[in-house]
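Participant: Sequence and predicted model, in that order:
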Amino acid sequence: MLPVDLTTRQAAWWVFLHTASSSVVGFLLVVTPALGWGYFLPVIGATYVLLVRNIRLIRYPAPRQAPALSITSSIYLAVRLWAIILSTLLDNAWPTL
Amino acid sequence: MESVDRCCPSLVVLFKLRVVSLPLLGAVAGAFLGASGWPGSHSLLLLVITGATAASGAAGLNQYIERESDGTMGRTRSGPLPAGNVSHPGGIAAVGSGLITAAVLIAGLFNFALAFFLLLGAVIYVGVYTIWRKPRTLLNIVIGRAAGSTAVVSGEQQSGPGKIQASSRSPSSFSCGHRAISGAWLSCTGMTMRGVMYRCCRLT
């Protein structure tokens, strides 16, 4: 049980705060030499979809939007993690191709 | 056979196996980053087995501790523990503790740093997140990120940061630290948003 007393719109803005900060940190991974375009291209797409869904939740804070964004956030995280795995593999394999 | 069919969904819920899959994927991604490529099948196997075991154990303890408060929430009311489908709830706590202990001991045989971060993740998730902060503050959902971050760091430890330093493309120590921190953030982003979203659903 969480000690929560928020309106739906306030909760949506909280979610946006997390979305925005996570998006920024995700792109800051640019300093990692092991990650190349194999990471950034899918992550750009996934971030765009997540932000659009989040903005939609803020504009129309309907209950059915919340689980949809929750599922999207899990997919977004999975995309980023798989992109890291594939990008490190591609980065290593590329010079030998 | 029928009892197995009824039992398995309960086990999936009790030990949050679906939720555990994402931190586990985070640990694997951390291992690939730590090795800057394929971390090795033995490393991955050890990481996946011990990571899944420890995370499931911590999730089981979380379910046991929150069984009463879960019974008051619509989303969690029908779970095995709140619904009274488990005859000995204390057994879940015992199994959860046993899973964490086993994972830490097995990991400790091969890699002390991995064992340390597995234990740290369980302590943060159960002690700091579930018991201490969750009933008290809205910001707990942010504090809870620390538990997810240990998954990525443990993966990176398992694949050996030394490999990065030895690489011809080795980044600076700043970059190594940054990668661990960034990985930590991304590993728990989904969980964080999911938690807030569930609150949003509950409030409407």
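Facilitator: Great, that's in hand. Numbers count the residues shown, from 1 in each chain, chains lettered A, B, ... in the order given.

Participant: which stretches of chain B have low pLDDT?
Facilitator: Residue ranges of chain B with pLDDT under 70: B:1-9, B:138-146, B:160-204.

Participant: quick one, helices of it?
Facilitator: Assigned by DSSP state H, chain B shows helices spanning B:2-14, B:17-35, B:41-65, B:67-70, B:89-110, B:112-123, B:140-143, B:145-159, B:161-166, B:173-203.

Participant: buried ones in the fifth one?
Facilitator: For helix B:89-110, the buried set under the neighbour-count rule, 16 or more other CB atoms under 10 Å in any protein chain shown, comprises B:89, B:92-93, B:95-97, B:99-100, B:103-104, B:106-108. All C-beta spots, glycine's among them, are computed from the backbone N, C-alpha and C.

Participant: How about the second one?
Facilitator: Of all the residues in helix B:17-35, those buried under the rule 16+ other CB under 10 Å are B:17, B:19-20, B:22-35.

Participant: From the buried residues of helix B:89-110, pick the one nearest B:Val128.
Facilitator: Of all those, B:Val128 sits closest to B:Ile100, with 14.8 Å by CB to CB.

Participant: Just want to check the distance between the closest one and A:Ala66.
Facilitator: 32 Å (CB to CB, to the nearest Å).

Participant: One more: B:Gly30?
Facilitator: 30 Å.

Participant: From the chain's centroid, how far away is the worst-scoring helix or strand of chain A on mean pLDDT?
Facilitator: Here the helix or strand of chain A ranked lowest by mean pLDDT, DSSP states H and E is helix A:8-28, holding a mean of 81. Mean-position distance between helix A:8-28 and its chain equals 9 Å (CA atoms, centre = their mean, to the nearest Å).

Participant: what is the orientation angle of it with helix B:145-159?
Facilitator: Helix A:8-28 runs at 20 degrees relative to helix B:145-159, counting by axes from the mean of the first three to the mean of the last three CA atoms, to 10 degrees.

Participant: how about helix A:8-28: buried residues?
Facilitator: For helix A:8-28, by 16+ other CB under 10 Å, it's A:8, A:11-12, A:14-16, A:18-19, A:22-23, A:25-26.

Participant: check the residues you listed against chain B, which are close?
Facilitator: Among those, the residues that sit close to chain B (CB under 8 Å from any CB of the partner chain) are A:8, A:11-12, A:14-15, A:18-19, A:22, A:25-26.

Participant: Just to check, A:Leu57 is in contact with A:Arg64?
Facilitator: No - between A:Leu57 and A:Arg64 there is no contact under CB atoms under 8 Å: 10.2 Å.

Participant: Show me which of these two is the more surrounded one.
Facilitator: Counted by other CB atoms under 10 Å in any protein chain shown, A:Leu57 and A:Arg64 do not tie: A:Leu57 has more neighbours, with 25 against 9.

Participant: Which secondary structure element is home to the more buried one?
Facilitator: Using DSSP states H and E, A:Leu57 falls within helix A:37-59.

Participant: Remind me what the very next helix or strand once past that helix packs against, helices and strands.
Facilitator: Tracing the chain past helix A:37-59, the next element assigned as helix or strand by DSSP H and E is helix A:65-93. Packing contacts for helix A:65-93, counted by 3 or more CB pairs under 8 Å, 6 or more residues apart in numbering or on different chains; DSSP states H and E, involve helix A:8-28, helix A:37-59, helix B:17-35, helix B:173-203.
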